[in-house]
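S.K.: Generate a structure from the sequence data that follows.
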Amino acid sequence: MTKVLKIAGLTLAILLEWLLILVIFLVFAVRSSWVQTYIARQATTFLSKELNAKVQIGAVDIVLFRYIDLKDIYLEDPNKQPVLALKHLYLGLNQFKLLQNKLLINELRLYGGKVNLSLDQEEGRSNFAFIEDYFASDQASSSSTDFQVQVSELSLQHIDFSYHDYRKDTLTFGLDFNRNLHQKCLVLYPINEWEKLNKKLSKLNRLIKANDVFVRKFTGGATNVEADNSGRLLLPKSLTDYADIKSDLKVLGSNNVIEIWDKKLYDQFLSQDMDIEKLAEDVLGNLNFNDGDDE
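M.R.: Numbers count the residues shown, from 1 in each chain. Below is the predicted model of the structure:
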């Protein structure tokens, strides 16, 4: 009996040893790029069938709680229209708080390729809503807070970006670029906003020299542009020279217009020492927010 127990104990020890070796191997294997890529390809094959839409990932490199690096990503909607076609997608993870229902992304970087976003004409649903529908739960969540995703910085490099809202009529005459009067940046006006501004400028008395000079200088720098067949806008060289735009851009929504900066100049602008409290008081102090929308 003692001999049987010794053999059983030795067998169990050897089994545990091999199990430990297997666990260590799996831990290191899962951290290797080729294993992660294999798992990702199996997952995208499964998702393609489930979503009835093509999903592809060429290569994956993940360091848990630090970053996710995806290469050669392709996604199309169920109508076989491409949504994403990227050479490189990088997510730098700042914190990953699943227990707190939060995913905090330090940096989201898209490099090389196309991003096509649209809203359909019938219901205004986005062309990636089928992904939301697939992962949405039929049961009400028991959590008191929704899952939150926060992105600190979004970087687009060598990206053809297009956005279409098919509920709205296409503007025939494109967009107008002009120079910002106070900073070295460009201002992009939708044609309807540019026409509103010009209507107000037309009310100025041009017999007054200051009015005449201002209107001529302001409107003289404007350039009408139209998107090409790929949805791209060509920035005129005279305006890029004015704004010292080199390679990296900063695109900002500013009320009813869009500002386009050279990234370094924008960072310099933000670093300026300004008394924001005093500025807010001067600008907003006498503004009546109960007046409603003004034309």
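S.K.: mind checking the SS state of Glu193?
M.R.: helix (DSSP: H, G, I helix; E, B strand; the rest coil).
S.K.: my guess is it meets Asn256, correct?
M.R.: Yes. Under the criterion of Cβ atoms under 8 Å, Glu193 is in contact with Asn256, at a separation of 5.0 Å. For every residue, glycine as well, the C-beta is placed using N, CA and C.
S.K.: Compare the two and say which one has the larger neighbour count.
M.R.: With other Cβ atoms under 10 Å as the criterion, Glu193 and Asn256 differ in neighbour count, and Glu193 comes out ahead with 16 against 11.
S.K.: centre of the chain versus the helix or strand hosting Leu93, how much separation?
M.R.: For Leu93, the element it lies in under DSSP states H and E is strand 82-97. Its chain's C-alpha centre lies 10 Å from the corresponding centre of strand 82-97 when counted by Cα atoms, centre = their mean, to the nearest Å.
S.K.: Go through the next helix or strand after that strand and flag the buried ones.
M.R.: Using DSSP H and E, the helix or strand that follows strand 82-97 in sequence is strand 102-119. By neighbour count on 16 or more other Cβ atoms under 10 Å, the buried set for strand 102-119 is 103, 105, 108-110, 113-116, 118-119.
S.K.: Check stretch 49-58 too.
M.R.: Neighbour-count burial for stretch 49-58, counted by 16+ other Cβ under 10 Å, picks out 51, 53-57.
S.K.: Mind putting those into JSON lines with secondary structure?
M.R.: Output for the buried residues of stretch 49-58, formatted as JSON lines (three-state DSSP):
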{"residue": "Leu51", "secondary structure": "helix"}
{"residue": "Ala53", "secondary structure": "coil"}
{"residue": "Lys54", "secondary structure": "coil"}
{"residue": "Val55", "secondary structure": "strand"}
{"residue": "Gln56", "secondary structure": "strand"}
{"residue": "Ile57", "secondary structure": "strand"}
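S.K.: Please name the bridge partners of the residue most central in space within the chain.
M.R.: Residue closest to the average C-alpha location in the chain (Cα atoms, centre = their mean): Leu154, at 5.5 Å. According to DSSP bridges, Leu108 are recorded as the beta-bridge partners of Leu154.
S.K.: Contacts only, for it.
M.R.: 108-110 (Cβ atoms under 8 Å, 6 or more residues apart in numbering).
S.K.: switch to 10 Å and redo it
M.R.: With contacts defined as Cβ atoms under 10 Å, 6 or more residues apart in numbering, the neighbours of Leu154 are 105, 107-110, 251.
S.K.: Go ahead and report the secondary structure state at Ser162.
M.R.: strand.
S.K.: what are the bridge partners for it, then?
M.R.: On the basis of DSSP bridges, Ser162 takes part in beta bridges with Asn116.
S.K.: right, and it touches Leu117 too?
M.R.: Yes. Using Cβ atoms under 10 Å, Ser162 is in contact with Leu117, at 7.1 Å.
S.K.: Remind me what the strand or helix carrying Lys200 packs against, helices and strands.
M.R.: When elements are assigned from DSSP H and E, Lys200 belongs to helix 191-201. In terms of contacts (3 or more Cβ pairs under 10 Å, 6 or more residues apart in numbering; DSSP states H and E), helix 191-201 is packed against strand 175-179, strand 186-190, helix 209-220, strand 257-262.
S.K.: Please identify the one among those that comes closest to Asp69.
M.R.: Proximity to Asp69, assessed across the helices and strands packed on helix 191-201 by Cβ to Cβ, is greatest for strand 257-262 (27.5 Å).
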